[in-house]
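*Asks:* Fold the stuff below for me.
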Amino acid sequence: MAGQTMGTTWSVTLQAGDGQLPALRAGVQARLDEVVAQMSTWEPGSDISGYNRAAAGSWHSLPAGMRRVVEAALELAEASGGAFDPTIGPLVDAWGYGPAGALDGPPDPGVLARARARVAWQRLELDGTGRLLQPGDVRLDLSAIAKGYAVDLVSNWLLAQGVEDFLVEVGGELRGHGHKADGSPWRVAVERPAPDDSRADDAQAVVRLDGLAIATSGDYRRRDFVDGRMVSHLIDPRSGAPTTHALAAVTVLHPEAMHADALATTLHVLGPEDGLAWARTHGVAALLVWREGDGFASAMTGTFASHLEEP
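*Replies:* Numbers count the residues shown, from 1 in each chain. Presented below is the predicted three-dimensional model:
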């Protein structure tokens, strides 16, 4: 089964009778449409777009899924010292990566300064009833965590339908349960970046996904030039600018795709040294790959290494 969602594609491989497939496909698409309706900044009628337009001082009751994502985003923002920030929306727009469209060059310094002033996760307040305060001029952007949540939502729905063997993928984020039809486990290869940034033809690592999700945040195939410098498309909320360090890709394993997705982005923003240290301190199963000379170097946490299989 496959389809489209969130400006990308989704696919589900599973074991089920032919007669079950139409209902299962419809159910998967419905779960994904639910995430779009709640958390897509590209949809003017979504819950998040309504919140972003709301008046200062207004409180908003969040749907259950969006509330869970916001809670997780705020926890990670605090733990990472703001390397992950769900209020990054103004910076995403200022650099031309949001619904407003691409730019012909770097943003105007004044525009960038005003956008940066609006990014502060500490201004968000979520009360005990699930209401979120719009303190004024805050623009949520959950794109670094919502795809992972969508994978979890589909996975948990499939389990509730009695489907226990499946691999769910949304825009490159995956979560597997059980086994393939031949009884072998779901295995995923993490590709080795090529020196010329072309598609690699061998595996850096192979992991087994049974009750695990995997997410990768990388820029070795997508980098832009700003004022003659090559920069990432990933923005550091703390500096207000795209990252310029040597980190090329981060892969994270976690039981939940939502956390794998957000953690991969966080580690990428932190960079090779700080990201690896943070991952080790917080017990994150992570593989980091960075540019070194004409090639790449890599390191992984012990937790990640424990899931490896032979390529």
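
*Asks:* could you point out where the stretch 151-300 of the chain is predicted with low confidence?
*Replies:* Low-confidence segments of the stretch 151-300 of the chain (pLDDT under 70): 194-202, 219-232.

*Asks:* at 80 what do you get?
*Replies:* 192-203, 219-233 (pLDDT under 80).

*Asks:* can you give me the strands in it?
*Replies:* 166-170, 173-177, 187-191, 203-208, 212-218, 223-226, 229-232, 235-236, 241-242, 247-254, 285-292, 295-300 (DSSP state E, counting those that start in this stretch).

*Asks:* Figure out which of those is closest to residue 112.
*Replies:* Closest to residue 112 of the strands of the stretch 151-300 of the chain, according to CB to CB: strand 241-242, at 7.9 Å. In this view, the C-beta of every residue, glycine as well, is placed from N, C-alpha and C.

*Asks:* Which strands or helices does that closest one pack on?
*Replies:* strand 229-232, strand 235-236 (3 or more CB pairs under 8 Å, 6 or more residues apart in numbering; DSSP states H and E).

*Asks:* Parallel or antiparallel, list what pairs with the shortest one.
*Replies:* In the sheet containing strand 235-236, the strands it pairs with under DSSP bridges are strand 241-242 (antiparallel).

*Asks:* quick one: the partner strand to chain centroid distance?
*Replies:* Its chain's C-alpha centre and that of strand 241-242 lie 17 Å apart, by CA atoms, centre = their mean, to the nearest Å.

*Asks:* Equivalent analysis for stretch 11-25, please.
*Replies:* That offset, for stretch 11-25, works out to 26 Å (CA atoms, centre = their mean).

*Asks:* again, but for stretch 79-89
*Replies:* The answer for stretch 79-89 is 13 Å, by CA atoms, centre = their mean.

*Asks:* If you count neighbours, what's buried in it?
*Replies:* Using 16 or more other CB atoms under 10 Å as the burial criterion, the residues of stretch 79-89 that qualify are 80, 82-89.

*Asks:* Let me have those in TSV, adding secondary structure and pLDDT as columns.
*Replies:* Output for the buried residues of stretch 79-89, formatted as TSV (DSSP: H, G, I helix; E, B strand; the rest coil; pLDDT from 0 to 100):
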residue	secondary structure	pLDDT
80	coil	98
82	coil	97
83	coil	98
84	coil	98
85	coil	98
86	coil	98
87	coil	98
88	coil	97
89	helix	95
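
*Asks:* Pretty sure residue 235 sits against residue 243.
*Replies:* Yes. Using CB atoms under 8 Å, residue 235 is in contact with residue 243, at 7.5 Å.
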